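Novice: Below: sequence and its predicted model.
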Amino acid sequence: MPERSPETHVIDYRAAEQLLSARDPRGAIRLLDSVIAAHPENTAARLLRARAFFLSAQLHRAELEFQIVLEREPDNAFAHFALGRTLERASRPDEALRHFRLAAALEPRPDFLEAADFAPDRGNGGRAVGPDDAAG
């Protein structure tokens, strides 16, 4: 195998992004394995590999990779959201909801709020509608 360089790892990372976009998560994982072996601290590569594991239905491996990202970046809203989706897909809804709510608290995007089961603002002064509001 030819010698790997930092430039080669960047090329592999970019190629892995393209493979993931083309719905070839297993190909992306193969490329990212060597990148992460050389640069285990690279959170972006780990996040991309976690997404690839998720898309290839390797849920346990995706969960572990998202957890590594969150150990390093506990305020990464996307990683919380993606871990929530992983746990949801693994039939662990209570654990998933915790991460969906963390994602929504960190970054109140509509998809994060919806997954967190927070209703959108409906003319209520800007606060989220809670369970007590449903009684009317």
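Specialist: Sure thing, it's come through.

Novice: buried residues in the helix or strand hosting E17?
Specialist: Here E17, judged by DSSP states H and E, is contained in helix 6-21. The neighbour-count check on helix 6-21 (16 or more other CB atoms under 10 Å) flags H9, D12, Y13, A16, E17, L19, L20 as buried. Where you see a C-beta, it was placed from the backbone N, CA and C, and this is true even at glycine.

Novice: for it, packing partners?
Specialist: Counting contacts by 3 or more CB pairs under 8 Å, 6 or more residues apart in numbering; DSSP states H and E, helix 6-21 is packed against helix 25-38, helix 43-55.

Novice: before we move on, back to that, min pLDDT across the buried residues of helix 6-21, which one?
Specialist: For the buried residues of helix 6-21, the least confident position by pLDDT is H9, scoring 93.

Novice: Which residue comes closest to it once chain neighbours are left out?
Specialist: Once flanking residues are discounted, H9 sits nearest to V35: 4.7 Å by CB to CB, 6 or more residues apart in numbering.

Novice: I figured that neighbour was touching R14, is that so?
Specialist: No. Counting by CB atoms under 8 Å, V35 does not reach R14; the two are 10.3 Å apart.

Novice: how about low-confidence regions in the protein?
Specialist: Within the chain, the segments meeting pLDDT under 70 span 1-3, 119-136.

Novice: okay, which residue is most central for it?
Specialist: Centroid check for the chain by CA atoms, centre = their mean gives A82 as the closest residue, at 3.0 Å.

Novice: okay but it is in contact with L55, surely?
Specialist: No. In this structure A82 lies outside contact range of L55 using CB under 8 Å: 10.6 Å.

Novice: related to what we said a few turns ago, quick one: the residue nearest to the centre of the chain is in a helix?
Specialist: Yes. Counting by DSSP: H, G, I helix; E, B strand; the rest coil, A82 is part of a helix.

Novice: Now do the contacts for it.
Specialist: Applying CB atoms under 8 Å, 6 or more residues apart in numbering to A82 gives the contacts L47, A50, R51, F54, A62, F66.
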